[in-house]
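Asks: sharing a model prediction with you, sequence too.
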Amino acid sequence: MEIELFACRGDNYGVLIRDPATGRVGAIDACAFDAYDDALSRRGWGLDAILVTHRHFDHIEGVPGLVEKYGAKVVAPALAKVDLPMADRYVGEGDQVKIGGLEAQVWHMPGHCADHIAYYFAGENIIFVGDVLFAMGCGRVLDSSMEALYLSVMRLAALPDETQLYCGHEYTLANARFCAHIEPDNAEIRARLKNVEAARAEGRFTIPTTVGEEKATNVFVRAPDLAEFARRREAKNRF
């Protein structure tokens, strides 16, 4: 899998994936037309499909323009039909999506919002998680529940340590500072905070991350139970 990662809308991440064997290209979400169009032009790629993780505006604003210009097919969560009536296919837990020879399992990942899904490319050890889990953080609970978010995060944490996670936003510096606040004696968190500070000062991205990194340094993944997870998520809202 070839991956093009780029900044979008300030703190969003845009992602393009390409199967080198077939030349087929997919977008993970489409937060803004211009950013995706520029990335496609830079690589000289067309666009065959848009894989939407959830219905929030900052993840779908660019969909109509990309469909119009490139003729891309839209794959969207089954629970997001009202917000994405133009989708060509609606998917949910257990479905499969292909970009050329690359195959993703669809995981229903509620918590941040009820319709949220992730795309797990098991053959490549890569999962695109949208706003469920961030590097050293996790999403806010909006129209779902804290228990649902906790279960989604724990499901991701059960993947092999080497699995790469691509999330939807660059929130890592604020997340790392919160993690250091919650676990001040965790040397791995302190070291990662320094690395993140240096990366952001130089304008470098902080993703992809890995399941192993998050298990060591993400205080939401490290929460021992639902009650502590909820306490930490509510504390982060005020941090």
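Replies: Sure thing, it's come through.

Asks: from the contact counts, what lies against the helix or strand hosting Val106?
Replies: Using DSSP states H and E, Val106 sits in strand 102-108. Helices and strands touching strand 102-108, as assessed by 3 or more CB pairs under 8 Å, 6 or more residues apart in numbering; DSSP states H and E, comprise strand 96-99, strand 117-121. For glycine as for every other residue, the C-beta is placed from the backbone atoms N, C-alpha and C.

Asks: out of those, which is closest to Lys73?
Replies: With distances scored as CB to CB, the stretch of these nearest to Lys73 is strand 96-99 (10.2 Å).

Asks: list the strands paired with the closest one, with their directions.
Replies: In the sheet containing strand 96-99, the strands it pairs with under DSSP bridges are strand 102-108 (antiparallel).

Asks: next, the angle strand 117-121 makes with the strand holding Val106.
Replies: Note on geometry: by axes from the mean of the first three to the mean of the last three CA atoms, to 10 degrees, strand 102-108 and strand 117-121 are set 150 degrees apart in direction.

Asks: change the start of the numbering to 312 and stick with it
Replies: New numbering, starting at 312: the last item is strand 413-419.

Asks: tell me the secondary structure for Gly422?
Replies: Three states are possible here, and by DSSP: H, G, I helix; E, B strand; the rest coil the one that applies to Gly422 is coil.

Asks: my guess is it contacts Gly441, does it?
Replies: No - taking CB atoms under 8 Å as the definition, Gly422 is not a contact partner of Gly441, at 10.7 Å.

Asks: hmm, back to that, as CSV, the helices and strands packed on strand 413-419 with mean neighbour count and mean pLDDT would be great.
Replies: Formatted as CSV, the entries for the helices and strands packed on strand 413-419 read as follows, by neighbours: other CB atoms under 10 Å; pLDDT from 0 to 100:
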stretch, mean neighbour count, mean pLDDT
strand 407-410, 16, 98
strand 428-432, 24, 98
